[in-house]
Structure formats: structure tokens, C-alpha cells
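Novice: Here is the input, now give the coordinates:
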Amino acid sequence: KGLESRLQLLESQAEQAQAKAMQMHKKSKASKGTASSRSSALFHLKRSKMIQLEIDRVSQNILNVEAALNTIERAQVDSQVLSSMQQASEALRAARSSQDVETVDDVFLDYQDEVDKANL
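Specialist: Purely as a prediction, here's the structure:
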């Protein structure tokens, strides 16, 4: 649950950073034609790059958290598979415990006798 809430927080941060980047883009377009348009455009460009670095950092964090969640999920599945295999092994052992070679041989011979009688 902690990783899932962290993932939601990171996704929210990425959305906010993306919105800021869009604002910077709009401001740089709006500042064209003004007397200080060059310095304003440069400021907005630098700020936009800074925001893009933040988006990249948050995106990498999201990937890391998703990888951790996948690893945990895979480990849980592996644990369930192992548990199922142990239960199957115990069930087979229990089924086999009442069947020794002599019992199986006797059942097979009785069956064969009945088949032979039916074919007469």
C-alpha cells in the first residue's frame, strides 16, 4: 500500500510539472514582441528546462516504484505457486501411502480376472 500511494503522489507531481511546463511555454509565446522579449524568453526557456528535468526525475521515480510493485507481485505469485506445489505433493503422498506394490498388484490381478471372465 505504501508503494501504491507513493506512485499516486509521483504521478500527481508529474502532472503538476507538466502543467507548469505548459504555462512556461505559453508565457514564452506571450512575451514575444515585448521590449524585453529576449531576456524573458531566455528566462522562460531556462525555467522550462528546469521543469523538464523535474518531470524526468519524477518519471524515473515512477518507473522505479512500478518495478518494485512488479517485483513484489511476482514474489507473491511465486509463493502461491510453491504453496500449491507443496499441497499437491502432500496430497499425492497421502494417496500413495495407502497403496503399496502388493495392493496395486492385487487390484490389477482382480481387474484382469474380471475382464477375462467378461470376455468368455
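Novice: can you give me the helices in this protein?
Specialist: For the chain, the helices defined by DSSP state H occupy 2-30, 37-97, 101-118.
Novice: Just want the angle from the last one to helix 37-97.
Specialist: When axes from the mean of the first three to the mean of the last three CA atoms, to 10 degrees is applied, the directions of helix 101-118 and helix 37-97 differ by 70 degrees.
Novice: buried set for helix 101-118?
Specialist: By neighbour count with 16 or more other CB atoms under 10 Å, helix 101-118 contains no buried residues. For every residue, glycine as well, the C-beta is placed using N, CA and C.
Novice: ok, now stretch 62-70?
Specialist: Result for stretch 62-70 [16+ other CB under 10 Å]: buried residues 62, 65.
Novice: For the chain, give me the ranges with low pLDDT.
Specialist: 1, 28, 30-36 (pLDDT under 70).
Novice: residue nearest the centroid of this protein?
Specialist: Asn70 (2.9 Å; CA atoms, centre = their mean).
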